[in-house]
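**Student:** with the input below, show me the fold.
(one chain, ligands or ions: 1)
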Amino acid sequence: MKKIVALLICIISLCGETFAAETYISNVYGRQYESLNGKWNAIVDLYERGEEMKLYLNQTPQGKSDFYEYAFDGGLRLNVPGDWNSQSSELKYFEGSVWYARHFQLHALDAKRRFLYFAGVSYRCNVYLNGKKIGEHEGSFTPFQIEVTDALVQGDNTLVVEVNNRRQKSAIPALSFDWWNYGGITRDVMLVTLPKQYISDYFVQLDKHRADLVHVKVFLSEGVANQNVCVEIPELKRRLLLKTDASGMATGDLKISKIQRWSPDFPKLYQVNIKTQCDEVTEMIGFRNVEVKGTKVHLNGKPVFLRSISFHEEIPQRMGRACSESDAEMLLSEARALGVNMVRLAHYQQNEYIVRKAEKMGIMLWQEIPVWQAIDFSNKETLNKAKRMLKETIRRDQNRCADCFWGIANETRPSDARNAFLTDLLQAGKEVDTTRLFVAAFDNVYFKEKSQLFEMEDSFVNQLDMIGVNKYMGWYAPWPLEPAKCVWKVAVHKPLLISEFGGEALFGQHGDDTTASSWSEEYQAKLYRDNLRMFENIPNLVGVSPWVLFDFRSPFRFHPTNQDGWNRKGLVSDQGQRKKAWYVMHDYYQKNLKSATYRVKWDFACKATKFILLYIFL
Ligand code: GCB
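**Tutor:** Residues are numbered from 1 along each chain as shown. Coordinates of the predicted model:
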């Protein structure tokens, strides 16, 4: 019996190995690569017969009696990167399989290693190269790579990807979520060329609490000991020489006294070069400390108020996924115009263009994985997916100092299964990153008649560094008291961010500011003023993040004239017009900014006075 179990374990682990070989490429955009973006041929496979019909072989008839009941040439063409829903009206609501195919040329086979890199495919996919399955991936929003060194041929290579976005109970997100279920190869695809032994991963970040200590970890693709690794920051004239251990990892610390730390006011990045005997990679990296002290969040040793906003990875005017650098520019510049120092990237890991651009602009980020409301908490497989997604997120962005908060869940309700799931997930996150704050957003804060206070009962929150609360007073919940009299007693020993609040309004629609069903800009603006008043009564408040910057597409917003398939909680309409509530929020952030500036000047004046007095009296 024991032998059979052992054999089974062996077989299972071997099967798992087939496609899950642990290859990783950190900072892929800083490597030598060929873009495989562009027009791909596509076949819509409504009944999911493609595998049985061997579409992955992408064959054309050879002999006289030969024929195939499919052809990629001469049919649908889809842009990669891009969702299919916005590229054809027939695909607007499509959920199922689409097969993508393209050719690419490899001029010469050489001693280099090659990898196919997919920055994001929504939701699951099977990848075939030259007729053979080479990999698969599940999860729309994290990258994956497949080594193809031995599968490539000189000359023409055929790449076929089956993409499926059918919603499933065990998936993350699961069956229902408040955004469009965009399907497709929605992010960049590239063929990356690397040396035989390459730098696969590295972590170069400031210690969580110290301003003068940079922790360095470098991983090679091979487990070889005694390899020289050099990490240098030329502008700071610092260099660290390391040797790998038997696993191919090198670790060390750089003590630097003069680092200018990254912040929204001064988004300083340094060039960091990492070299080995065989490989070299360069990246711009920033350094900052983010930590919790009591009920405050400190950035670089000082309390910071989080002036945040959320947006989906969607360009409303185009009704499609954001996928390029210029899309990132559009989303983030509108966020910046509101006066933010932070963006909550809702509700999933958004593309690297957005993250890197935010970092350059000095915008802190809350990034989260799509554990949204009711997923299958009692399913082990779902838990493993969530853990993998969190690890893939952290791995992609671990050197982005803009990333200050890892969000592990949104609006989950307490139960034994949910508590166990989130506890495990949090643990998995902390195993890979100890330098950021782990957070989650909750919607279970209620007004209690007995105490006349807003309270929350959820023991899981004690495990987090900071909590987010989504509360829709004046929209989903009526006001129990005047806003000025609403007082909160929620997670009192922790920093609390209002991670969502708001209500819907159709741009250009005017009406009574006391009637929700007017869907008017006036109602929305008043709701904002009322909520901002209430927030003054949250003693542990460290910031606010309205829901949401832009109107966004949602399949369950059924009102035909006011919504028509759009969630209208945007401060900005789908056509880019600012609603009245935008100005309320903008003023609020301006005032906060001014008082923060006065506080800095006041602190400086106090310090200077102390210094002068000491000088006079000593
Ligand atoms: C929420 C969710 C968000 C929704 C929003 C709404 O609480 O976190 O994803 O879009 O409410 O508009 O209902």
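
**Student:** every contact and neighbour count from this point should use C-alpha atoms.
**Tutor:** Noted.

**Student:** what about the strands in the stretch 251-400 of the chain?
**Tutor:** Counting by DSSP state E, counting those that start in this stretch, the segments of the stretch 251-400 of the chain that form strands are 270-276, 280-285, 290-293, 296-299, 302-303, 306-311, 314-315, 320-321, 342-345, 364-368.

**Student:** of those, which is nearest residue 78?
**Tutor:** strand 320-321 (13.2 Å; Cα to Cα).

**Student:** is it possible to get TSV of the strands of the stretch 251-400 of the chain that adds mean neighbour count and mean pLDDT?
**Tutor:** Formatted as TSV, the strands of the stretch 251-400 of the chain follow (neighbours: other Cα atoms under 10 Å; pLDDT from 0 to 100):
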stretch	mean neighbour count	mean pLDDT
strand 270-276	18	98
strand 280-285	18	98
strand 290-293	20	98
strand 296-299	21	98
strand 302-303	14	97
strand 306-311	25	98
strand 314-315	23	98
strand 320-321	22	98
strand 342-345	25	98
strand 364-368	26	98
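
**Student:** now render those strands as TSV, adding distance to residue 606.
**Tutor:** As requested, the strands of the stretch 251-400 of the chain are exported to TSV (distance: least, Cα to Cα, whole Å):
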stretch	distance to residue 606
strand 270-276	33
strand 280-285	34
strand 290-293	22
strand 296-299	20
strand 302-303	16
strand 306-311	25
strand 314-315	47
strand 320-321	50
strand 342-345	29
strand 364-368	29
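
**Student:** spit out the contact partners of the residue positioned nearest the centre of the chain.
**Tutor:** For the chain, the residue sitting closest to the mean C-alpha position, by Cα atoms, centre = their mean, is residue 349 at 2.0 Å. With contacts defined as Cα atoms under 8 Å, 6 or more residues apart in numbering, the neighbours of residue 349 are 141-142, 367-370, 393.

**Student:** look at it and report its pLDDT.
**Tutor:** Looking at residue 349, its pLDDT is 98.

**Student:** which non-adjacent residue is nearest it?
**Tutor:** residue 141 (5.4 Å; Cα to Cα, 6 or more residues apart in numbering).

**Student:** isn't the one you found right next to residue 347, touching?
**Tutor:** No - in this structure, residue 141 sits apart from residue 347 without contact. The criterion is Cα atoms under 8 Å, and the distance is 10.2 Å.

**Student:** looking at it, residue 475 is touching residue 514, isn't it?
**Tutor:** No - with contact taken as Cα under 8 Å, residue 475 and residue 514 are classed as non-touching, separated by 11.1 Å.

**Student:** more crowded one of these two?
**Tutor:** Comparing residue 475 with residue 514 by other Cα atoms under 10 Å, the one with more neighbours is residue 475, at 17 against 14.

**Student:** for that one, phi and psi?
**Tutor:** With angles defined as degrees, to the nearest 10, residue 475 sits at phi -120, psi -80.

**Student:** can you tell me the distance between the two ends of stretch 484-498?
**Tutor:** The first and last residues of stretch 484-498 sit 17 Å apart, counting by Cα to Cα, to the nearest Å.

**Student:** and that stretch, which residues are buried?
**Tutor:** The neighbour-count criterion (16 or more other Cα atoms under 10 Å) identifies 486-491, 494-498 as the buried residues of stretch 484-498.

**Student:** save those residues as CSV, and put in secondary structure and distance to residue 561 too.
**Tutor:** Converted to CSV, those look like this (DSSP: H, G, I helix; E, B strand; the rest coil; distance: Cα to Cα, whole Å):
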residue, secondary structure, distance to residue 561
486, coil, 34
487, coil, 36
488, strand, 36
489, coil, 39
490, coil, 38
491, coil, 40
494, coil, 42
495, coil, 40
496, strand, 36
497, strand, 33
498, strand, 30
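
**Student:** between those, which sits nearest residue 444?
**Tutor:** Nearest to residue 444 among these: residue 490, at 10.3 Å, using Cα to Cα.

**Student:** is it true that the closest one touches residue 455?
**Tutor:** Yes - with contact defined as Cα under 8 Å, residue 490 and residue 455 form a contacting pair (5.2 Å).

**Student:** list residues touching both of those two?
**Tutor:** What both residue 490 and residue 455 touch, as defined by Cα under 8 Å, 6+ apart, is the set residue 445.

**Student:** could you list the low-pLDDT ranges of the stretch 501-618 of the chain?
**Tutor:** Within the stretch 501-618 of the chain, the segments meeting pLDDT under 70 span 597-600, 602.

**Student:** quick one, strands of it?
**Tutor:** 541-544, 552-553, 566-567.

**Student:** any idea which element the closest residue to residue 447 other than its chain neighbours lies in?
**Tutor:** In space, not counting the residues next to it along the chain, residue 447 is nearest to residue 454; the distance is 4.2 Å by Cα to Cα, 6+ apart. Under DSSP states H and E, the secondary-structure element containing residue 454 is strand 453-456.

**Student:** CA-only coordinates of that strand in PDB, if you can.
**Tutor:** What follows is the C-alpha trace of strand 453-456 in PDB, where atoms were taken according to Å, rounded to 0.1, in the frame of the first residue of the first chain:
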ATOM      1  CA  LEU A 453     -21.600  54.000  17.400                       C
ATOM      2  CA  PHE A 454     -20.300  52.500  14.100                       C
ATOM      3  CA  GLU A 455     -18.700  49.200  15.100                       C
ATOM      4  CA  MET A 456     -17.300  46.000  13.500                       C
END
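
**Student:** so what are the sheet partners of the helix or strand just after it and their directions?
**Tutor:** Using DSSP H and E, the helix or strand that follows strand 453-456 in sequence is strand 466-470. Next to strand 466-470 in the sheet, as set by DSSP bridges, lie strand 437-442 (parallel), strand 496-500 (parallel).

**Student:** hmm, who's touching strand 466-470?
**Tutor:** If you take Cα under 8 Å, 6+ apart as the criterion, strand 466-470 is touched by 292, 411, 437-445, 461, 491, 494-501.

**Student:** rerun at 10 Å
**Tutor:** Counting contacts by Cα atoms under 10 Å, 6 or more residues apart in numbering, the residues outside strand 466-470 that touch it are 291-292, 295-297, 405, 407, 410-411, 437-445, 456, 461, 490-491, 493-502, 541-547.
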